[in-house]
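K.L.:
My questions are about this predicted structure, shown below with the sequence.
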Amino acid sequence: MGAEEDKQKSIPVLPWMRSPIDVSSFDECPLTLLPCIDPRLKVALENMEISSLFPVQLAVWQETIGPGSFERDLCINSPTGSGKTLAYALPIVQMLSTRSVKCLRALVVLPTRDLALQVKEVFSAIAPAVGLSVGLAVGQSSIADEISELINRPKLQLGVSFDPEDFLPELQSSVDILVATPGRLMDHINNTKGFTLEHLCYLVVDETDRLLREAYQSWLPTVLQITRANDESFLPCAQTFLPSPFSLKTIRRSGLERGFKGKPYPRLVKMVLSATLTQDPSKLAQLDLHHPLFLTTGQKRYQLPEKLQSYKLFCESKYKPLYLVALLQSLGEEKCIVFTSSVESTHRLCTLLNSFDNLPFKIKEYSGLQRQSVRSKTLKAFRKGDIQVLVSSDAMTRGMDVEGVRSVVNYDMPAYIKTYIHRAGRTARAGQTGCCFTLLREDEVKRFNKLLRKAENNSCSKYSLPSSCIEPLHSVYESALEKLKETVEMETSRKRKTGFKSSLSGERK
Ligand SMILES: Nc1ncnc2c1ncn2[C@@H]1O[C@H](COP(=O)(O)OP(=O)(O)OP(=O)(O)O)[C@@H](O)[C@H]1O
């Protein structure tokens, strides 16, 4: 990605990106002053203890429900923790609140299952208030269970034998809004009877730069293809004459007017978001955006949360774990995430920390080396506060929103500013304060300073730990290293025995 960042520097910015709406010129807006909000949604928000909209939420509201009226597709670049989820969820739910027939009209795609679960929670907190249902397609349950949640099958009538395939027109969506990961979405598109995106009105691509980095079974071209103009292919067919009062058809015609020529109408409205939105024209072109409007915060492309305090902590590489333990001890028992540079070092560091005797906090690993079920269990325990320190690799943590994370530690210096932003952004969310500590060797300092200069709000103070915190740890460290050696040997022989199919196998992200 270093090469990617260098490449981006030389890429000319797209014309529509040169005159963005600056979100930082917006203030928070109390719900009582928010124009047009459905009173039922206002109550739902108040039940979530939300009394005002954050700036990015107000800016998006204006371009969707307000005067902008969803006329343009939105590209939103807004810092971590600034409330992007509600920024898109609220207008979509408000727009769909007047629908009369239930069918799948909004699709939100996210790169990971835990993230999708998190976003579904936000929709589930507001959508039922206006009679809308939200579904999840992430592979958390069996495909059969998921299908029964998403598709409404006609009930068996007494004494009538029934083959669902004979009644295809009556299979209906049970949900108005679907939150999905790309893989499971493709499974449903390809294999689930009655699952259709033909009526889709809204597509949200959250964590866009991450999703556009990989093809994920070509989910994006597939979704765009399904929602293209279909008026020519709409010829009366046998199905049209079936006596089904429920069959619903969305016809998208090809636009003829200037600016709409060849584009499907009604069109699929798109909202794409990230805290580090790509500016690469070839990547953005994949989204086939309609007169895109760019919303961003501040002058620089990368923004750190306003109330984040960044610190650098110099240490000898030989004693890095000691500095980490001393730092964690000085932070007390509040939740903290420690980032390393790879899944292997995450596992090793977590094992080492757990080999220290009498640490006053519970430490667990969270990485792509683990099974999804293990990861989800760990995340749940971390949210509850049963675990205080999460040792993590990068891949899984984008967008993760855990209340009460006061500090983030970069045990390994991030190589790119984007990585720093997503890691640090696990704290200082929703206007709260938070600290990000980076452990640095002498030879890393120059590179780290250069990296931070790419972001706004980048001041970074030196943090020192008194030697009285470090010295007593030396002897404990020796025995922890011994224990680590034993554990690694045990794991290696276990892996050999089970032919590498131990609990640590699975996706390696
Ligand atoms: N208007 C609001 N008032 C109070 N809290 C809010 C409001 N909007 C969102 N929040 C809270 O702010 C936190 C961050 O929101 P969210 O996860 O949507 O941020 P984000 O911008 O998507 O961050 P990231 O880029 O890291 O994914 C959440 O805990 C959410 O509940």
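P.N.:
Happy to help now that I have it.

K.L.:
now the helices: where do they sit in the stretch 401-509 of the chain?
P.N.:
Ranges of helices in the stretch 401-509 of the chain, per DSSP state H, counting those that start in this stretch, are 417-424, 445-452, 467-470, 473-497.

K.L.:
Of those, give the one that comes closest to the ligand.
P.N.:
Across the helices of the stretch 401-509 of the chain, the ligand has its closest neighbour in helix 417-424 (7.1 Å, CB to the nearest ligand atom). Glycine gets a C-beta too; all of them are placed from N, C-alpha and C.

K.L.:
can you give me the angle the closest one makes with helix 445-452?
P.N.:
Here helix 417-424 points in a direction 80 degrees away from that of helix 445-452 (axes from the mean of the first three to the mean of the last three CA atoms, to 10 degrees).

K.L.:
circling back to that earlier point, need the helices of the stretch 401-509 of the chain in CSV (columns: mean neighbour count, distance to the ligand and mean pLDDT).
P.N.:
Formatted as CSV, those follow (neighbours: other CB atoms under 10 Å; distance: least, CB to the nearest ligand atom, whole Å; pLDDT from 0 to 100):
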stretch, mean neighbour count, distance to the ligand, mean pLDDT
helix 417-424, 24, 7, 96
helix 445-452, 15, 19, 96
helix 467-470, 12, 31, 88
helix 473-497, 13, 33, 87
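
K.L.:
Flag every residue of the stretch 351-500 of the chain that's near the ligand.
P.N.:
399, 401, 425, 429-430 (CB under 6 Å from any ligand atom).

K.L.:
run the last query once more with 8 Å
P.N.:
398-401, 403, 422, 425-426, 429-431 (CB under 8 Å from any ligand atom).

K.L.:
I'd like the helices of the stretch 401-509 of the chain as TSV, with distance to residue 171 appended.
P.N.:
Shown next, in TSV, are those (distance: least, CB to CB, whole Å):
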stretch	distance to residue 171
helix 417-424	40
helix 445-452	52
helix 467-470	64
helix 473-497	46
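
K.L.:
coming back round to it: quick check, nearest of the residues of the stretch 351-500 of the chain next to the ligand to residue 333?
P.N.:
Relative to residue 333, the closest of those is residue 403; by CB to CB it sits at 15.0 Å.

K.L.:
Which among the residues of the stretch 351-500 of the chain next to the ligand count as buried?
P.N.:
Buried subset of those (neighbour count, 16 or more other CB atoms under 10 Å): 398-401, 422, 425-426, 429.

K.L.:
So stretch 208-217, near the ligand or not?
P.N.:
No: against the ligand, stretch 208-217 shows no contacts by CB under 8 Å from any ligand atom, the least distance being 10.6 Å.

K.L.:
List every C-alpha atom in that stretch, with coordinates, as CSV.
P.N.:
Taking Å, rounded to 0.1, in the frame of the first residue of the first chain, the C-alpha atoms of stretch 208-217 are listed here in CSV:
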residue,chain,number,x,y,z
THR,A,208,-15.2,1.6,0.4
ASP,A,209,-11.5,1.6,0.0
ARG,A,210,-11.2,-1.7,1.7
LEU,A,211,-14.1,-3.2,-0.4
LEU,A,212,-12.7,-1.9,-3.7
ARG,A,213,-9.3,-3.3,-3.0
GLU,A,214,-10.5,-6.9,-3.6
ALA,A,215,-13.0,-8.2,-6.1
TYR,A,216,-14.8,-10.4,-3.6
GLN,A,217,-16.4,-12.6,-6.3
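
K.L.:
where's that stretch relative to the chain centroid, distance-wise?
P.N.:
Remark: stretch 208-217 is offset 12 Å from the chain centroid, using CA atoms, centre = their mean, to the nearest Å.

K.L.:
what is the rounded mean pLDDT of it?
P.N.:
The pLDDT scores in stretch 208-217 average 90.

K.L.:
Could you identify the pair within the buried ones among the residues of the stretch 351-500 of the chain next to the ligand that is furthest apart?
P.N.:
Greatest spatial distance among these (CB to CB): 398 and 429, at 13.1 Å.

K.L.:
Okay, strands next: where are they in the stretch 51-200 of the chain?
P.N.:
52-53, 74-77, 106-109, 134-137, 151-152, 172-173, 177-180 (DSSP state E, counting those that start in this stretch).

K.L.:
closest to residue 36 out of the ones you listed?
P.N.:
Between residue 36 and the strands of the stretch 51-200 of the chain, the shortest gap by CB to CB is with strand 52-53, which sits at 12.4 Å.

K.L.:
Low-confidence regions, the stretch 151-300 of the chain specifically.
P.N.:
154-170, 229-248, 255-256, 258-260 (pLDDT under 70).

K.L.:
what does it have sitting close to the ligand?
P.N.:
206-207, 273-275.

K.L.:
can you do 6 Å?
P.N.:
residue 275.

K.L.:
OK, contacts around residue 310?
P.N.:
Residues in contact with residue 310 (CB atoms under 8 Å, 6 or more residues apart in numbering) are 304, 424, 435-436, 438, 452, 458-461.

K.L.:
redo that, cut-off 7 Å
P.N.:
Counting by CB atoms under 7 Å, 6 or more residues apart in numbering, residue 310 touches 424, 436, 459-460.

K.L.:
Repeat that for residue 349.
P.N.:
Contacts of residue 349 by CB under 7 Å, 6+ apart are 340, 391, 411.

K.L.:
Which one (most neighbours) among these?
P.N.:
Ranked by neighbour count (other CB atoms under 10 Å), those have residue 391 at the top, with 27 neighbours.

K.L.:
circling back to that earlier point, got a markdown table for the strands of the stretch 51-200 of the chain, with mean neighbour count too?
P.N.:
Below are the strands of the stretch 51-200 of the chain laid out as a markdown table (neighbours: other CB atoms under 10 Å):
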| stretch | mean neighbour count |
| --- | --- |
| strand 52-53 | 20 |
| strand 74-77 | 27 |
| strand 106-109 | 24 |
| strand 134-137 | 24 |
| strand 151-152 | 19 |
| strand 172-173 | 20 |
| strand 177-180 | 26 |
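
K.L.:
Of all the ones you listed, which one is nearest residue 194?
P.N.:
Among the strands of the stretch 51-200 of the chain, the nearest to residue 194 by CB to CB is strand 151-152 (4.5 Å).

K.L.:
List of residues touching that closest one?
P.N.:
Under the contact criterion CB under 7 Å, 6+ apart, strand 151-152 has outside partners 171-174, 192, 194-195.

K.L.:
if we can go back for a sec, take the buried ones among the residues of the stretch 351-500 of the chain next to the ligand and keep only those in strands.
P.N.:
Judged by DSSP state E, strands contain none of those.
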